[in-house]
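Chemist: this one's sequence-less:
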């Protein structure tokens with residue numbers, strides 16, 4: 001099984017660290033899970049204009065192909081103005097409607113205030129469901145004070161435990177989907 005993580009921001013390290021932590025937890029739980037981190041800062045994703053994918057640059061096509069070929073995914077976003085990042089929303093605009101059919105799609109977010117923790121449930125979760133993704137019951141919101149100020153490492157033990165549980169739930173659910181599709 002291949003788990004692809006998408007860090008949906010163009011600035012800072014926290015979101016990338018959060019997504020990478022889920023990937024690491026998944027490998028810890030099941031060493032046979034192959035993982036890949038797509039950090040949107042490393043790609044030139046063109047602004048979506050409603051054109052066929054072939055009309056966009058190589059980076060845009062490459063990232064979309066990686067997402068579509070994944071068995072399951074975890075998406076990370078910082079919360080800006082009570083919403084996900086524009087970079088992540090733009091990426092979603094390049095995907096076909098059934099992009100996440102038969103795929104578990106986990107969520108992590110970072111933000112300054114706990115007032116934004118429901119953005120995952122009510123905004124990002126709705127988008128993932130639109131693409132037919134199976135959204136796990138667990139998701140992880142990480143306030144910025146839960147990161148070390150110098151290394152951006154997650155220092156909150158409870159957050160790390162929630163990340164472990166999310167990874168475990170995602171693997172369990174994806175295995176169930178894949179086993180069901182075999183029969």
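Modeler: Perfect, I can see it now. It should be emphasised that the depicted structure is a prediction, and the values quoted were computed from it without experimental measurement.
Chemist: quick one, helices of this protein?
Modeler: 14-29, 58-69, 86-92, 119, 125-130, 157-182 (DSSP state H).
Chemist: relative to helix 14-29, how tilted is the longest one?
Modeler: Between the direction of helix 157-182 and that of helix 14-29, the angle (axes from the mean of the first three to the mean of the last three CA atoms, to 10 degrees) works out to 60 degrees.
Chemist: quick revisit: lowest average confidence across the helices of the chain, which one?
Modeler: Set side by side, the helices of the chain give their lowest mean pLDDT on helix 119, at a mean of 80.
Chemist: Identify the residues contacting it?
Modeler: With CB atoms under 8 Å, 6 or more residues apart in numbering as the test, helix 119 has contacts from 79, 82, 83, 84, 109, 111. Just so you know, the C-beta spots here come from the backbone N, C-alpha and C atoms, and that holds for glycine as well.
Chemist: same deal with stretch 151-168?
Modeler: For stretch 151-168, using CB under 8 Å, 6+ apart, the contacting residues are 13-14, 17-18, 21-23, 25-26, 28-29, 74, 106, 108, 136, 138-140, 142, 146-148.
Chemist: Repeat the analysis, applying 7 Å as the threshold.
Modeler: 13-14, 17, 21-22, 25-26, 29, 106, 136, 138-140, 142, 146-148 (CB atoms under 7 Å, 6 or more residues apart in numbering).
Chemist: What are the buried residues along that stretch?
Modeler: 152, 154, 159, 160, 162, 163, 164, 165, 166, 167, 168 (16 or more other CB atoms under 10 Å).
Chemist: how far out from the middle of the chain is it?
Modeler: Computed by CA atoms, centre = their mean, to the nearest Å, the chain-centroid distance of stretch 151-168 equals 15 Å.
Chemist: among the contacts of stretch 151-168, which ones are buried?
Modeler: 13-14, 17, 21-22, 25-26, 29, 106, 136, 138-140, 142, 146-147.
Chemist: which residue is nearest the centroid of this protein?
Modeler: The residue lying closest to the centre of the chain (CA atoms, centre = their mean) is residue 75, at 1.0 Å.
Chemist: what's near enough to touch that one?
Modeler: Per CB under 7 Å, 6+ apart, neighbours of residue 75: 6, 8, 88, 105, 107, 124.
Chemist: The first one contacts residue 38, doesn't it?
Modeler: Yep, that's residue 6 we're talking about. Yes. The pair residue 6 and residue 38 qualifies as a contact (CB atoms under 7 Å) at a distance of 4.8 Å.
Chemist: Compare the two (neighbour count), which wins?
Modeler: Set residue 6 next to residue 38 and count neighbours by other CB atoms under 10 Å: residue 6 wins out with 27 against 23.
Chemist: Report the separation between the more buried one and residue 151.
Modeler: According to CB to CB, to the nearest Å, residue 6 and residue 151 sit 22 Å apart.
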